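Undergrad: give the three-dimensional model of this entry:
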Amino acid sequence: GKSPHQPLMETELEASRSSPERVKAYVGLGSNLNDPETRLKQAFEALDRIPRTRCLERSRIYQSRPVGPPDQPDYLNAVALLSTQLDAHRLLAELQHIERAQGRVRNRRWGPRTLDLDLLLFADLMIETPDLVVPHAAMHQRLFVLLPLADISPELRIPGLGKLQDLIKACSDQGVRLLD
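TA: All right, here's what the predicted structure looks like:
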């Protein structure tokens, strides 16, 4: 048989790197500028073009009042379920690339934006690094995230937070409604 010497270990590692498991990731989409409905549709298509990633499902589109400065239009929000072989940080980089391609400029905190893509959940991992926190911070208090999530996965459990349906029940009414 083969003796387990160092080079073999490395090639096994390389193999696992090049064909990792597919994991499920949920991405929140938001827009309130420049024809938000078209922006979200384009974003869904762009998500499906991320390398080694497929967009499996799209939620319905919801309309919500802005979080932050009130002197801006209402938001449209949705959620996409992705299947990806990228790791969470690489996926985040791809999301930021799509935001930039659609003209996102991060200037004012909670200010209006052409497109906002948030990595909400990645597999059942809890990640806390300087540039990425998963599950997304404050998502459990935001119906414009929870309701579209429930469209796709009503039985979802959120790592560290519990059942999606319980989180929805705990939220106050936030004026979030389906876009007709």
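Undergrad: all strands of the chain, in order?
TA: According to DSSP state E, the chain carries its strands in the segments 23-31, 53-58, 62-64, 75-84, 116-122, 127-129, 132-134, 157-158, 162-163, 177-178.
Undergrad: can you redo those strands as CSV with mean pLDDT and mean neighbour count?
TA: Glycine gets a C-beta too; all of them are placed from N, C-alpha and C. Listed next are the strands of the chain as CSV, based on pLDDT from 0 to 100; neighbours: other C-beta atoms under 10 Å:
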stretch, mean pLDDT, mean neighbour count
strand 23-31, 97, 24
strand 53-58, 97, 17
strand 62-64, 95, 20
strand 75-84, 97, 23
strand 116-122, 96, 23
strand 127-129, 95, 12
strand 132-134, 95, 17
strand 157-158, 96, 18
strand 162-163, 97, 12
strand 177-178, 96, 12
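Undergrad: now tabulate these in CSV and tack on distance to His140.
TA: Formatted as CSV, the strands of the chain follow (distance: least, C-beta to C-beta, whole Å):
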stretch, distance to His140
strand 23-31, 12
strand 53-58, 21
strand 62-64, 16
strand 75-84, 14
strand 116-122, 10
strand 127-129, 15
strand 132-134, 12
strand 157-158, 7
strand 162-163, 8
strand 177-178, 20
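Undergrad: which residue is the nearest non-sequential neighbour of the most centrally placed residue in the chain?
TA: Nearest to the geometric centre of the chain sits Val27, at 1.6 Å (C-alpha atoms, centre = their mean). Spatial nearest neighbour of Val27, chain neighbours left out: Ala80 (4.8 Å); criterion: C-beta to C-beta, 6 or more residues apart in numbering.
Undergrad: list the contacts for the one you found?
TA: Neighbour list for Ala80: 26-27, 29, 43-44, 47, 55, 57-59 [criterion: C-beta atoms under 8 Å, 6 or more residues apart in numbering].
Undergrad: hmm, try it at 7 Å
TA: Contact analysis of Ala80 by C-beta atoms under 7 Å, 6 or more residues apart in numbering lists 27, 29, 44, 47, 55, 58.
Undergrad: beta partners of the residue nearest to Leu56 when sequence neighbours are not counted?
TA: Of all residues not flanking Leu56 in the chain, Leu81 sits nearest, at 4.8 Å (C-beta to C-beta, 6+ apart). Applying DSSP bridges to Leu81 yields these beta-bridge partners: Tyr26, Glu57.
Undergrad: you'd agree Leu81 is up against Glu57?
TA: Yes. Applying C-beta atoms under 7 Å as the test, Leu81 and Glu57 come out as touching, 4.2 Å apart.
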